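> sharing a model that was predicted from the sequence below.
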Amino acid sequence: MTQAAPAVPPTPTSATELPQSKDGARRMANAIRALAMDAVEAAKSGHPGMPMGMADVATVLFTRFLTFDPSDPAWPDRDRFVLSAGHGSMLLYAVLFLTGYDGITLDDIKRFRQWGSPCAGHPEYGHAPGIETTTGPLGQGLGNAVGMALAERIMNARFGDALVDHRTYVIASDGDLMEGISHEACSLAGHLKLNRLIVLYDDNGISIDGSTQLADSTDTLLRFEAMGWAASRVDGHDPNAIAAALDAAKTSERPVLIACKTVIGFGAPKRAGTSKAHGEALGPEEVAGARIALGWPYPPFEIPSDLLAAWRTAGARGAHDRKAWESRLAATQPTLRDSFEKALSAEIPPSLTPALAALKTKFSAEKPSIATRKASEMALELVNAELPTVIGGSADLTPSNLTKTKNDPEIAPGYYAGRYIHYGIREHGMAAAMNGLALHGGLVPYSGTFLIFSDYCRPSIRLAAIMKIRVIYVMTHDSIGLGEDGTTHQPIEHLAALRAMPNLLVLRPADGVETAECWEIALKEKTRPSLMALSRQNLATLRVEHEAANLSARGAYVLRESEGRAQVTFLATGSEVEIAVAAREILQRQNIGARVVSMPSTELFDEQDEDYRARVLGLGTVKVAIEAASPFGWERYIGPSGAFIGMHGFGASAPYKVLYKEFGITAEAAAEAALARLKKE
């Protein structure tokens, strides 16, 4: 479909007037279109169609509604903008450049998708100011935005309108809304009545394969209304209609979806309205034709001075709001202001370490036999008392995950002063929302589900690792030790798969002492997410002598030294460490020196210096690893001549003690494997 535009109109008398007129707004939108098609053309790679189609919407949003200040991009009470349709990244880069953010220059845009440019193929958090989250995998940005909108309401309930009073805006695509995560996240948002969330849906009816009608006939507005949203449709190329819809959205008592009917690749003579405009460069002839159709006579990457001035004026308008907010912050009662600033600092108070040390002392003295999920609950009682910034939750498994502590009020529709979120059976939406909670600032999110369901959370976990944000996943029922629920619920390959993910810290504690240490580690990690794999079954306390130092922080340590010359080293994690201790006793009774290494985190251990790792692993000893999971990855510790005691297939349904025996994960089997290898030497 060919979509022409009027010739260049006379320039209004001031930069402030330009976005207010229909023709002026169109000219400003054409600056986005031109930068998008020029950058994609230069790279010979990218997605020009969405930026060209949604340029009018973005222009209205950024020049008239979004509250932001490029001179202070991290201003806490700014509106958040999430480009969930991350393939259209050039829309965001163009707007950030045009409005005056320092992080993206015209030269950066000219090097779109090239090494060293912050203008990556999809927006990446941390590459430049103004990029609020990493998007690209469809639906993720929408899920993050739900978390951001919820964080705003939680912080507002704590600190009031004077300090926290902003909105979260999203541009989402057909693909975002088709992905299953959108159902989970948006259903939660509707339930919680997150009326500060406004989604601008690029309703262009085109996907890579062609018309969306090839695969989808959903009535999107009815779907969102059924989930508790306010939904409407507007002409996405009419600035006045867009502005009216956004004005109405600001008064809604529900989250808002505005379906903006647009033409993908708006202005391209032959490709507008077709899938050819979606994911490839338009080509020189089509770009030239688009320039004519849009009334854009300027060379590639050139923005006329009046348009750039109008965009920069729009970017500067938020400075007044930001300064007014700073004045309100300065006038805030000192105790409240101090609490607010501490929350935003992301610092963990010094009081946490002695509080958890006291719990470690209690465990060592009383020697309870408890599941590490229960030990985690006990640690959380202290954590939540010390850290008001911590926000918990679970995907409908609260009694199993033990993630809710005493006297923690629950967040509910219209009530955001609580500390615990019932996410419902929405693991993926939960994980994405947690990323948004963390990215918003002021909160440290954790939530629970079963380790097997990390599969549902994995895309969001991966993005948390990429973004280097502090998110904590409490994942219980971490092995065949969950027993009777059987094969479908018993994680086998999950620990290996999660450990393979860069910048994810996997923690599998062996007892209550290590669990307390793992909570301290996770909370102090500022640049990576942490995942705790916790047992359903009770485990013996193995750290019976109190050690003030956090031994788990080194990833692995010698839990039991050998009596006499060490010939065997047993390596184990979590619930299998007590099996390793029993195997050591079997060998020691035969006067064979054996050591036990507890390895709660392979990632932390791999970060230690070579000398420490060599001392812990025990040079010259036979290595036997014990873990009720896949052997994948253990070869780097046990070597080619070592033994692995664990799972080599899926589990079964039976009481957990029967399963350990039937699958050969026993102290006797571990000792026999060690003896067999000693005989070969």
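Received, thanks. In this text the structure is predicted, and so the values were computed from the model without any measurement.
> where exactly do the strands run in the stretch 351-500 of the chain?
390-394, 420-422, 444-450, 472-476 (DSSP state E, counting those that start in this stretch).
> make that the stretch 501-650 of the chain, sorry
For the stretch 501-650 of the chain, the strands defined by DSSP E, counting those that start in this stretch cover 505-507, 530-533, 557-560, 566-572, 593-598, 622-627, 643-646.
> between these, which one is closest to M178.
M178 sits nearest to strand 530-533 of all the strands of the stretch 501-650 of the chain, at 28.2 Å, using CB to CB. Just so you know, the C-beta spots here come from the backbone N, C-alpha and C atoms, and that holds for glycine as well.
> nearest to P491, out of the strands of the stretch 501-650 of the chain?
Of the strands of the stretch 501-650 of the chain, nearest to P491 by CB to CB is strand 530-533, at 8.1 Å.
> direction included, what does the closest one pair against?
Strand 530-533 has its sheet partners listed here by DSSP bridges as strand 472-476 (parallel), strand 505-507 (parallel).
> let me know the secondary structure of T67.
What DSSP: H, G, I helix; E, B strand; the rest coil gives for T67 is coil.
> and the pLDDT for it?
pLDDT for T67: 98.
> do the same with A5
41.
> any idea how far V146 is from A432?
7 Å (CB to CB, to the nearest Å).
> should've said A85
According to CB to CB, A85 stands 16 Å off from V146.
> re earlier: so for Y557, which of the strands paired with strand 530-533 sits nearest?
Y557 lies closest to strand 505-507 among the strands paired with strand 530-533, at 13.8 Å (CB to CB).
> how far does the closest one sit from the chain's center?
Here strand 505-507 shows a centroid-to-chain-centroid distance of 16 Å under the convention CA atoms, centre = their mean, to the nearest Å.
> try stretch 94-113
Relative to its parent chain, stretch 94-113 has a centroid offset of 25 Å by CA atoms, centre = their mean.
> please export the C-alpha coordinates of that stretch as CSV.
Provided in CSV are the C-alpha atoms of stretch 94-113 (Å, rounded to 0.1, in the frame of the first residue of the first chain):
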residue,chain,number,x,y,z
ALA,A,94,16.0,8.3,16.7
VAL,A,95,13.9,9.7,19.5
LEU,A,96,16.7,9.6,22.0
PHE,A,97,19.0,11.5,19.6
LEU,A,98,16.3,14.0,18.6
THR,A,99,15.3,14.8,22.2
GLY,A,100,18.9,15.4,23.2
TYR,A,101,20.1,12.4,25.2
ASP,A,102,23.9,12.4,25.4
GLY,A,103,24.3,8.6,24.9
ILE,A,104,23.3,8.4,21.3
THR,A,105,24.9,10.6,18.6
LEU,A,106,24.2,10.9,14.9
ASP,A,107,27.4,9.0,14.2
ASP,A,108,26.1,6.2,16.5
ILE,A,109,22.9,6.0,14.4
LYS,A,110,25.0,5.9,11.2
ARG,A,111,26.7,2.9,12.7
PHE,A,112,23.4,1.1,13.6
ARG,A,113,24.0,-2.5,14.3
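> need the contact partners of it.
Residues from elsewhere that reach stretch 94-113, judged by CB atoms under 8 Å, 6 or more residues apart in numbering: 31-32, 35-36, 39-40, 42-43, 45-46, 51, 58, 62, 68, 70-71, 73, 90, 93, 117-121, 127-131, 301, 303, 308, 311-312, 314-316.
> stretch 230-250: which residues count as buried?
Residues 230-234, 236-239, 241-243, 245-246, 249 are the ones in stretch 230-250 that count as buried (16 or more other CB atoms under 10 Å).
> out of those residues, which one sits closest to R677?
Set against R677, the nearest of the buried residues of stretch 230-250 by CB to CB is A231 (66.0 Å).
> hang on, that closest one packs against E225?
Yes - under the criterion of CB atoms under 8 Å, A231 makes contact with E225 at 5.2 Å.
> okay, now stretch 501-517: how far is its last residue from its first?
Separation of the first and last residues of stretch 501-517 by CA to CA, to the nearest Å is 22 Å.
> report the rounded mean pLDDT for it.
Mean pLDDT, computed over stretch 501-517, is 98.
> before we move on, back to that, can you redo the strands of the stretch 351-500 of the chain as TSV with mean neighbour count and distance to V506?
Converted to TSV, those look like this (neighbours: other CB atoms under 10 Å; distance: least, CB to CB, whole Å):
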stretch	mean neighbour count	distance to V506
strand 390-394	24	19
strand 420-422	22	23
strand 444-450	27	15
strand 472-476	27	9
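> quick one, which of those gets closest to L294.
strand 444-450 (44.0 Å).
> so what does that closest one touch, helix or strand wise?
On a contact count with 3 or more CB pairs under 8 Å, 6 or more residues apart in numbering; DSSP states H and E, strand 444-450 meets strand 390-394, helix 398-401, helix 427-440, strand 472-476.
> how does it look with 6 Å?
Applying 3 or more CB pairs under 6 Å, 6 or more residues apart in numbering; DSSP states H and E, we find strand 444-450 packed against strand 390-394, helix 427-440, strand 472-476.
> residues contacting E184?
426, 428-429 (CB atoms under 6 Å, 6 or more residues apart in numbering).
> tell me the SS of it?
helix.
> now stretch 657-664: buried residues?
Buried residues in stretch 657-664, counted by 16+ other CB under 10 Å: 659-660, 663.
> same check, this time on stretch 530-549
By 16+ other CB under 10 Å, the buried positions in stretch 530-549 come out as 530-537, 539-543.
> on that earlier part again, between the strands of the stretch 351-500 of the chain, which one is nearest to P19?
Among the strands of the stretch 351-500 of the chain, strand 444-450 sits nearest to P19 (CB to CB), with 37.0 Å.
> just the CA trace of that closest one, in PDB.
Taking Å, rounded to 0.1, in the frame of the first residue of the first chain, the C-alpha atoms of strand 444-450 are listed here in PDB:
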ATOM      1  CA  VAL A 444      14.700  -6.000  45.400                       C
ATOM      2  CA  PRO A 445      12.400  -8.600  44.100                       C
ATOM      3  CA  TYR A 446      12.400 -12.300  44.900                       C
ATOM      4  CA  SER A 447       9.800 -15.000  44.100                       C
ATOM      5  CA  GLY A 448       9.200 -18.700  44.200                       C
ATOM      6  CA  THR A 449       8.200 -21.600  42.000                       C
ATOM      7  CA  PHE A 450       9.500 -25.200  41.600                       C
END
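> what's it in contact with?
With CB under 6 Å, 6+ apart as the criterion, strand 444-450 contacts 389-395, 397, 401, 403, 427, 430, 434, 437-438, 470-472, 474, 477.
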